[in-house]
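S.K.: Predicted structure and sequence below. I'll ask about it afterward.
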Amino acid sequence: MEDPSIAMAPKPKGSASLAAVVSAFVPTWAVGLLFVGIFVLIRQRYRIIYAPRTFIGTVSEKDRTPSTSRAYFEWYHTMRKLPDKFLLYHQSLDTYLYLRFLRTIIFICLVGCALTWPILMPVNATGGGSSTELDKISISNVTKKGHLYAHAVMAWVFMGFVMFTIARERLWLVGLRQAWALSTPNSKRLSSRTVLFLSAPKDSLDPSNMHRFFGDGAVRIWPVTKTETLSTLVSERNSSVEKLEAAEASLIRKANSKKTRKAIDRNGRGDVKYSDLPESVREAIRPRSKSTSLPYGSSVDKIKTLREQIKEKEELLNEMRKTHDIGEPKGAAGVFVEFKNQAEAQRAYQQVSSANVLALTPRYTGMTPDEIVWNNLTIPPASRISQDGVALGIVAATTIFWSIPSGFIGLISNISYLAENFEWLSFLKNLPDPVIGLLSGLLPPLLTSLLTKYVASIFRAVSKSFGGPTATANELRTQRWNYVFQVTQVFLVTAVFSGAATVASQIAEHIQDPTAIPELLARQLPKSSNYYLTYFIVQGTTSAADNILNYSSLLQFLFSYNLLDKTPRQKFKRYTSMRGIAWGKLYPKFANFAIIAIAYSCIAPLVLGFAAAGLGLYYFSYRYNLFYVIQPKIDTNGQAYTVALQHLLTGVYIAELALIGFFGLRTATGPTIMAGVLFIVTILYNILTNRYLSPLERFLPADLVAAAAGDETAPLLSTAEEGEADHIQRRSESAGIPRPVAERVVNPLARFFDPHVFASYNYMKSWLREGDYHDILEHVEYTEEDLARAYLDPALTSQTPVIWLARDSMGASQNEIQENEEHGLKASDEGAWLDEKGRVQWSTDDFDVVPVWTPGVKY
């Protein structure tokens, strides 16, 4: 029944929802097309930025993305041919799962559109309210209580679908992670059978006590104790090497300069050698630096000084390494333990190793040596706990502080209401409508993107500074913290203020009638959804296009590589430093996209469509980057996807609470009860799924690990699973469904709604072998030296780097190599040279001749 007082309420002032959306769409779409056009034109010229995965030597040939020609749109045809699964075999599990995550939330949004738009939009439009433009198809326009049953029923349908999808994906991921971890290539790697124990007591660091602490399956330990002094010396030595190379490069350039050549080549022979230079000229071109020991104003030969410093640090390092011992760590130590096989490692990882609650915990497995944060392994247990608390405090304070600028952005998005109702802002009413649209539609999403750009980096630095032992652990902690920030600041605070500006202004007008305030809140709060329409437009067009063009990386590379980098090593590092990807930044951002879409699904269904479009553009841009550009530095082995799926449920909770509040304000008893029961069901669902799935997401089942050893010849599917799969196929045939329809419609539906078969370990094992499985079947053999050094702190093992110089026609590099070797320093000018313009070049096409390049051991 319609409430007459609401039906007769005046038309809202200043509503500019459609103008704001159009004002945001036109310029961002134009900028997006411009970015894509520039990208197409310059892509082939700057392949090191836009397609390094097709040729660069740091990517093995079998893992490179195919590139058959240099046509402008060849990359697009390649992307159409290659499935996402290509990344699973040629990059990492995480890269494949990231694209699957984007596909999953796009799928949720599209299904939401299919369910809500045909039903809720007509219901909202005929709801009896006086809203206009886009607000007319939101729940704020519904004043007839009977209409709200449609929203309550749709909430049950759509929220039920979302919960089923999340549970199904979690089950599927459990099966895939088990099949991936237990596959022969991964199970044989050293990292899969190594466990890191922190807060290790002194006795556990003694190899003679290895079996007492870690069981008979343990075969090797690598103790980790404090090495701050050694680490500092190693860092200083490496820094001196880079300074020496820079000084040598300066000398070689000066020796080959036209000025130097003219000074001795008066006859114009052109075959001048460095040995022909007079001693006075040699001394004049040698770089010098201020002396720290001689009187003020004195200078010394920089090259000779750096050589002496390197040798001093090298000798001191060798002495300290010989005398380095465990000492009395008092719990401030860690220990890496290698086990006979993956089963033994999992058993040790899951069991309680000590009666002391703080000893040998926390523990980690599956980490590689290059992701260890060595200084954080030797933190005492009490300090580790206190540092965790401090880190949480910093993150909480940062999140709370960000409410101020986030709220300000929300106010800007309702500039029309502010101009109408606050006299000191009335001058804004004189601005042209397009300007008002830009200020309220385009500016707030841009400010939101800028405001949140560096938050994940701040959180990652906090995690690393306060005890995070591995890069993966830090990234997962960053992901959880950033998720809270995204939901709190990008969604809740901005949404509350975006709608609150409207509410506050109109409450001032209705202060004489307090009974109208609840209805006013119920009508106006959903209007904050208009802000997210423009947010998704800006993100999906400009930001996704910028993600492909990536002009900042291009300009930075061109400036640094051509102007700042003067030595072969600097150029090599710049050239081979491929773009990474930050899971802790991206997963929360796009999980929040989905959370916003789900939360508004029954309040303002239009948001679902805009979210799907924006996510679709992002999916395309990240698909290109993962195929052609990105080389992940961190592999969480699917843990980041697990966390992101759990975060999606936040959108369901917010949607249900919003509906309960709206129905309550409308005094719609039936819909309120329906939404309340749904909320209770969601809580029970959350508790039960976490209880039964969380252990499987964290650990590998002991029976599967034991059975997987030597199981390559076992049947891929059990008899029951084969029978179920065959049964589905037979039913399709008996129903007379054409094979193309069965393959494209029936089979995908069966795989989606029957996860106990199509997400099982055996099925995922079979699915894993359907693609380029042979490409990961590389036989990895470790030498005894590889094993002995694998998990030792680099401060104990790293050697002095080779001094890499650029070869020159005068022979200055050969002279410097000889002098370096006389001082006991290895030097080489292989793979680098000085061109005719005096610029350093190096062998970008053949890494085998680069003295600082060695293929890493796959631990």
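M.R.: Looks like it arrived, so ask away. Numbers count the residues shown, from 1 in each chain.

S.K.: where in the stretch 601-750 of the chain is pLDDT low?
M.R.: Scanning the stretch 601-750 of the chain for pLDDT under 70 picks out 709-748, 750.

S.K.: To clarify, my last question referred to the stretch 1-150 of the chain.
M.R.: Using pLDDT under 70, the stretch 1-150 of the chain drops low at 1-17.

S.K.: all strands of it, in order?
M.R.: Ranges of strands within the stretch 1-150 of the chain: none, based on DSSP state E, counting those that start in this stretch.

S.K.: what about the helices in the stretch 101-250 of the chain?
M.R.: 148-182, 184-187, 210-214, 228-255 (DSSP state H, counting those that start in this stretch).

S.K.: so which of the ones you listed gets nearest I654?
M.R.: Closest approach to I654 among those is made by helix 148-182 (11.0 Å; C-beta to C-beta). (Glycine included, C-beta is placed from N, CA and C.)

S.K.: Which elements pack onto the closest one?
M.R.: helix 93-125, helix 639-665, helix 669-698, helix 702-708, helix 755-758, helix 761-768 (3 or more C-beta pairs under 8 Å, 6 or more residues apart in numbering; DSSP states H and E).

S.K.: Let's have those in CSV, adding distance to Y50.
M.R.: Shown next, in CSV, are the helices and strands packed on helix 148-182 (distance: least, C-beta to C-beta, whole Å):
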stretch, distance to Y50
helix 93-125, 18
helix 639-665, 26
helix 669-698, 36
helix 702-708, 40
helix 755-758, 37
helix 761-768, 31
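
S.K.: could you dump those to TSV with mean neighbour count and distance to K858?
M.R.: TSV is the format used below for the helices and strands packed on helix 148-182 (neighbours: other C-beta atoms under 10 Å; distance: least, C-beta to C-beta, whole Å):
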stretch	mean neighbour count	distance to K858
helix 93-125	21	15
helix 639-665	22	20
helix 669-698	15	24
helix 702-708	16	20
helix 755-758	18	31
helix 761-768	21	19
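
S.K.: circling back to that earlier point, out of the helices of the stretch 101-250 of the chain, which gets nearest to Y624?
M.R.: It is, among those and with distance given as C-beta to C-beta, helix 148-182, at 23.9 Å.

S.K.: relative to helix 228-255, how tilted is the helix or strand hosting N318?
M.R.: Per DSSP states H and E: N318 is located in helix 302-323. Counting by axes from the mean of the first three to the mean of the last three C-alpha atoms, to 10 degrees, helix 302-323 lies at 160 degrees to helix 228-255.

S.K.: Other residues contacting helix 302-323?
M.R.: 229-230, 233-234, 236-237, 240-241, 243-244, 247-248, 251, 286-289, 796, 800, 816, 819-820, 823-825 (C-beta atoms under 8 Å, 6 or more residues apart in numbering).

S.K.: Would you mind identifying the next helix or strand past that helix?
M.R.: strand 334-339.

S.K.: pLDDT (mean, whole number) over that next one?
M.R.: Computed over strand 334-339, the mean pLDDT rounds to 93.

S.K.: Mind giving me the packing neighbours of that strand?
M.R.: If you count contacts as 3+ C-beta pairs under 8 Å, 6+ apart, strand 334-339 packs onto strand 194-198, helix 210-214, strand 218-224, helix 342-350.

S.K.: Serialize these to JSON lines and add fields for mean pLDDT and mean neighbour count.
M.R.: Shown next, in JSON lines, are the helices and strands packed on strand 334-339 (pLDDT from 0 to 100; neighbours: other C-beta atoms under 10 Å):
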{"stretch": "strand 194-198", "mean pLDDT": "93", "mean neighbour count": "25"}
{"stretch": "helix 210-214", "mean pLDDT": "89", "mean neighbour count": "18"}
{"stretch": "strand 218-224", "mean pLDDT": "92", "mean neighbour count": "20"}
{"stretch": "helix 342-350", "mean pLDDT": "89", "mean neighbour count": "21"}
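
S.K.: could I get these as CSV with distance to Y575?
M.R.: Below are these laid out as CSV (distance: least, C-beta to C-beta, whole Å):
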stretch, distance to Y575
strand 194-198, 33
helix 210-214, 43
strand 218-224, 33
helix 342-350, 37
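
S.K.: between the ones you listed, which one is nearest to L431?
M.R.: Counting by C-beta to C-beta, L431 lies closest to strand 194-198 out of the helices and strands packed on strand 334-339; the figure is 59.8 Å.

S.K.: got the angle for the closest one vs strand 218-224?
M.R.: Going by the same axes, to 10 degrees, strand 194-198 makes 40 degrees with strand 218-224.

S.K.: could you check the angle helix 342-350 makes with strand 194-198?
M.R.: 20 degrees.

S.K.: Now do strand 194-198 against strand 334-339: the angle between them, please.
M.R.: 160 degrees.

S.K.: Counting by contacts, list what strand 194-198 packs against.
M.R.: Against strand 194-198 (3+ C-beta pairs under 8 Å, 6+ apart) you get strand 334-339, helix 342-350, strand 363-365.

S.K.: For S528, which of the helices and strands packed on strand 334-339 is the nearest?
M.R.: Closest among those, using C-beta to C-beta: strand 194-198, at 45.0 Å.

S.K.: circling back to that earlier point, return the distance of the helix holding N318 from the chain's centre.
M.R.: 39 Å (C-alpha atoms, centre = their mean, to the nearest Å).

S.K.: The residue lying closest to K633 once chain neighbours are set aside in helix, strand or coil?
M.R.: In this structure, K633 finds its nearest non-sequential neighbour in G580, 4.4 Å apart by C-beta to C-beta, 6 or more residues apart in numbering. Per DSSP: H, G, I helix; E, B strand; the rest coil, the secondary structure class of G580 is coil.

S.K.: now Q631
M.R.: Under three-state DSSP, Q631 comes out as coil.

S.K.: hmm, who's touching stretch 533-547?
M.R.: Residues contacting stretch 533-547 (C-beta under 8 Å, 6+ apart): 17, 20-21, 24-25, 28-29, 31-33, 35-36, 39, 134, 413, 441-442, 444-446, 448-449, 593, 606-607, 610-611, 613-618, 620-622, 625.

S.K.: Give me the distance between the two termini of that stretch.
M.R.: This stretch, stretch 533-547, spans 20 Å end to end (C-alpha to C-alpha, to the nearest Å).

S.K.: and the residue nearest to K633, what pLDDT?
M.R.: Model confidence at G580 (pLDDT) stands at 91.

S.K.: how near is it to R574?
M.R.: According to C-beta to C-beta, to the nearest Å, G580 stands 15 Å off from R574.

S.K.: With neighbour numbers in mind, choose between the two.
M.R.: Using other C-beta atoms under 10 Å as the criterion, G580 and R574 rank with R574 on top: 16 against 11.
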